[in-house]
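Chemist: Show me the folded form of this:
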Amino acid sequence: MEITQTVSDVTNRNALSADWSAEWKRAIIVFTVALCGLIVIYWQTVSQLVATWDSAEYSHCYLIVPISLYLIWTGKNRARAILPRPELLALCLLPLFGVVWFAGDLGNVRILQQMAFVGTVMALAWAVFGTAAVRAYRFPLAFLVFAVPFGESVIPPLQDFTAIATLKLLTWSGIPVVMEGHFILVPNGVWEVAEACAGARYLLSSFVLGLVFAHLVYRSTKRRIIFMVLAVVFPIAANAIRAYGIVALGYISDNRIAVGVDHLIYGWIFFSLVTLVLFSIGFRWRETEPERLEFAAVDASIAPLSSKTLAIVAVTALLISAVPATASYWVSHRIAPIRAGTTVPTIKSPWQAEPFSPASWISESNTASFTQSVAYSNSQKRVRLYFAFYSVGGNGIDLNSSGKHLLASQWSAASKGTRLAEIDGKQTQLIELITPPDTVGQRVYWTWYWVNGEFTSSPYQVKALQAKARLTAKFPASAVVAISADYVADPAEARTILQDFVQHFDFADQLSQSFR
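Modeler: The predicted structure follows:
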């Protein structure tokens, strides 16, 4: 009797496994086909997303999708307790992500478009596999968010912290030091806490790796939170110690070691050791309690999942997702692209244009319709002027090539801030960068934007005005304006020259007329 019961159990379990496997195969095939369709619809967003992974700050993004797939594969036993069932409620999220993507498209805010795409992929998975499946694999799905390159906003505060911490540590070590902005001056050299030295890439890499480690090693939320706090604090503190060590080694060795490529190599070796220490500490409190899972029970009263039902859900999701892409195409093609003119706004007397070589102080924009550099002089005063024009038919102002990033690579900003200046009789807020002494030159640099007939220095307002311009086409053009003047001892000298220059600038009317 016991043998008969055992054979019956095995037979039922094999049948249950066959039903489970067949339903998951159908759902996975439909999801894969739908995902390919989604990638085709948003191909430009996907290609831009992948292109950003080539930068050093976001190279870790290449690992996000493989890690997510690996976590799903290693947790495949969880699917044994689940039967995929489409969730129509998930389709309601698609219009929301579509609106976010369309808003990002109007203002050329790529991070919004990329986040919306990842959100759309998650909603598609929820719609096809169902709530139970998404709940079981919530971490690998949510982990896909880190495929979107973000985190630039932490660079300035990290630069400030690293510079101040380095100054304090050098002072405590008895090394004579002076700090100007992000520049550390010691008796035998000048060191800059540049963006690459801020520790952002260490922090992002540590955070991403820490998330995976905490997910795999711990079960309790408390331990995961504690470890993630350490994963943030460790790289920030370690980067400050690294910066101090490099400057101190350079000072002690009279710049024979820890300079050039050496300090990058030392930095990554140091980061690897810090990460190893962090994980070694975290591994001591690991929790390895296994999950207990059984095959999902098949209710005979529930019809098996059909390929037709899955196909209807997937096609509906693709049709909804195609709406914002179609709207973007319509907005972009309802008016002909406007080409920027080749005239520079008039500068009134006594300022006079003079021959000027290409703007070596500017990192040229690759997305502008037209750029031009001009130098002006007034007695002993001299100002360099740079314009980058953008038409509505293009992507609009690319803020990654404006502001601080508009400076050529050989120029470094000791400080960045804002300043009010009178332009066309109106007080306008400008972005001000000041180059430090003892570099290629000493210069004050002002930049601002002209969008939709208005001046602004706010990146957020730039994006809002660009979106408005694309929708209304009232002023379908924009421009980046940059001016600079040299100083000898005090940046106030250059500010006085620049203020006098902009007061002789016939701006708004000339800019509007320069687009044809």
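
Chemist: where exactly do the strands run in the stretch 201-350 of the chain?
Modeler: For the stretch 201-350 of the chain, no strands are identified by DSSP state E, counting those that start in this stretch.

Chemist: for the chain, same thing?
Modeler: 178-180, 183-186, 189-192, 352-354, 370-378, 381-391, 415-423, 426-434, 443-451, 454-456, 477-486 (DSSP state E).

Chemist: would JSON lines of the ones you listed with distance to Gly245 be doable?
Modeler: Where C-beta positions appear, they are placed from N, C-alpha and C, glycine not excepted. Output for the strands of the chain, formatted as JSON lines (distance: least, C-beta to C-beta, whole Å):
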{"stretch": "strand 178-180", "distance to Gly245": "17"}
{"stretch": "strand 183-186", "distance to Gly245": "13"}
{"stretch": "strand 189-192", "distance to Gly245": "12"}
{"stretch": "strand 352-354", "distance to Gly245": "48"}
{"stretch": "strand 370-378", "distance to Gly245": "41"}
{"stretch": "strand 381-391", "distance to Gly245": "39"}
{"stretch": "strand 415-423", "distance to Gly245": "25"}
{"stretch": "strand 426-434", "distance to Gly245": "28"}
{"stretch": "strand 443-451", "distance to Gly245": "32"}
{"stretch": "strand 454-456", "distance to Gly245": "42"}
{"stretch": "strand 477-486", "distance to Gly245": "35"}
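
Chemist: looking at those, which is closest to Tyr42?
Modeler: strand 381-391 (23.2 Å; C-beta to C-beta).

Chemist: Show me what the closest one is packed up against.
Modeler: Packing contacts for strand 381-391, counted by 3 or more C-beta pairs under 8 Å, 6 or more residues apart in numbering; DSSP states H and E, involve strand 370-378, strand 477-486, helix 491-503.

Chemist: Relative to Phe213, which of those is closest?
Modeler: Across the helices and strands packed on strand 381-391, closest to Phe213 is strand 477-486 (C-beta to C-beta), at 42.9 Å.

Chemist: how many neighbours does Asn77 have?
Modeler: Applying other C-beta atoms under 10 Å, we find 12 other residues in the vicinity of Asn77.

Chemist: so how far is Tyr137 from it?
Modeler: The spacing between Asn77 and Tyr137, counted by C-beta to C-beta, to the nearest Å, is 12 Å.

Chemist: Please identify the most buried of the helices and strands packed on strand 381-391.
Modeler: Comparing the helices and strands packed on strand 381-391 by mean neighbour count (mean count of other C-beta atoms under 10 Å), strand 477-486 comes out on top with a mean of 24.

Chemist: Give the pairing partners of it; include direction for each.
Modeler: Sheet pairing for strand 477-486, assigned by DSSP bridges, gives strand 381-391 (antiparallel), strand 443-451 (antiparallel).

Chemist: any chance of those strands in TSV, plus distance to Asp54, mean neighbour count and mean pLDDT?
Modeler: Formatted as TSV, the strands paired with strand 477-486 follow (distance: least, C-beta to C-beta, whole Å; neighbours: other C-beta atoms under 10 Å; pLDDT from 0 to 100):
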stretch	distance to Asp54	mean neighbour count	mean pLDDT
strand 381-391	23	22	80
strand 443-451	26	24	84
